[in-house]
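Trainee: Quick one, what's the 3D model for this:
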Amino acid sequence: MIIHVVGGFLGSGKTTLLIKIAERYIADGKKVTILVNEAGEIGVDGASISSNGLNAIQLQEGCICCTLSGTLQSTMRDIERELDPDVVIIEPTGLALPHKVRELIRGTVSEDEINTIGICDAMRFDRLREKKEDFLRMQLQRSDVLWINKIDAVDFEKVFEVSTWLRSICPNVPIFMVSGKTGEGLEEAFSKSLFL
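Mentor: Take a look at the predicted model:
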């Protein structure tokens with residue numbers, strides 16, 4: 001079983017991108033389950049995923065890397081036993097630290113079958129960096145691969161600025177420029193980030 005943890009701040013485009021990831025695996029004949037963690041009572045992301053015909057399991061009203069950590073571990077065991085997917089894609093709440101999620105599920109699969117994809121929002125980068133830089137750094141710095149999303153909405157200079165900042169916090173991590181909206185850059189990102 002392959003596991004991807006898709007992390008990033010609220011509104012960074014995680015849901016759109018994980019739907020694209022799931023569709024890519026399904027096109028390859030893989031069975032995919034998506035686990036969504038939403039802090040609020042209304043499961044918007046889970047509903048969006050389900051409306052695309054994908055299997056989404058929701059963990060709500062808490063963060064899977066802290067208050068729902070036991071729930072995450074038991075849910076992962078249930079998914080493996082009852083659904084037996086080839087791929088599990090986990091979308092933590094935008095306020096979670098994806099590396100903590102990875103630590104919690106480490107025993108579920110071998111270390112080389114799990115990765116963390118950090119999503120950085122190019123369009124809101126300046127505002128996020130100004131107000132939440134320390135958190136953004138903590139959220140992204142242990143990613144296995146980084147995707148700069150929404151490149152369709154910014155100019156090249158902004159993408160370069162985001163890339164430079166990410167290199168400063170993750171010097172050896174591959175970075176890909178993508179657009180969940182237009183699909184630009186996704187095939188290259190998939191080829192280097194997914195287990196295809």
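
Trainee: Give the full set of residues in contact with residue 173.
Mentor: By C-beta atoms under 8 Å, 6 or more residues apart in numbering, residue 173 lies in contact with 143-146, 166. For the C-beta atoms, the positions are set from N, CA and C on the backbone; glycine is no exception.

Trainee: Over to residue 26?
Mentor: Contacts for residue 26 (C-beta under 8 Å, 6+ apart) come out as residue 32.

Trainee: Show the subsequent helix or strand relative to the host helix or strand of it.
Mentor: Taking DSSP states H and E as the definition, one finds residue 26 inside helix 14-27. Next along the chain after helix 14-27, taking DSSP H and E as the criterion, comes strand 32-38.

Trainee: helices or strands next to that following strand in the packing?
Mentor: Strand 32-38 sits against helix 14-27, helix 44-51, strand 56-60, helix 69-78, strand 87-91, with contacts defined as 3 or more C-beta pairs under 8 Å, 6 or more residues apart in numbering; DSSP states H and E.

Trainee: Listing partners with orientation, what would you give for it?
Mentor: strand 56-60 (parallel), strand 87-91 (parallel) (DSSP bridges).

Trainee: tell me the average confidence for that strand?
Mentor: Mean pLDDT, computed over strand 32-38, is 86.

Trainee: Just the ones of the contacts of residue 173 in helices?
Mentor: residue 166 (DSSP state H).

Trainee: out of the contacts of residue 173, which one sits closest to residue 131?
Mentor: Lowest distance from residue 131 to those (C-beta to C-beta) belongs to residue 166, with 17.7 Å.

Trainee: For that closest one, give its distance to residue 180.
Mentor: 17 Å (C-beta to C-beta, to the nearest Å).

Trainee: Please apply the same query to residue 94.
Mentor: Distance of residue 94 to residue 180, given as C-beta to C-beta: 15 Å.

Trainee: what residues does the longest helix seen in the chain touch?
Mentor: Scanning the chain for the longest helix, with DSSP H as the assignment, gives helix 125-140. Helix 125-140 has contacts (C-beta under 8 Å, 6+ apart) with 7-9, 96-98, 118, 120-121, 146, 154, 158, 161-162, 165-166, 169-170.

Trainee: Many thanks, we can stop here.
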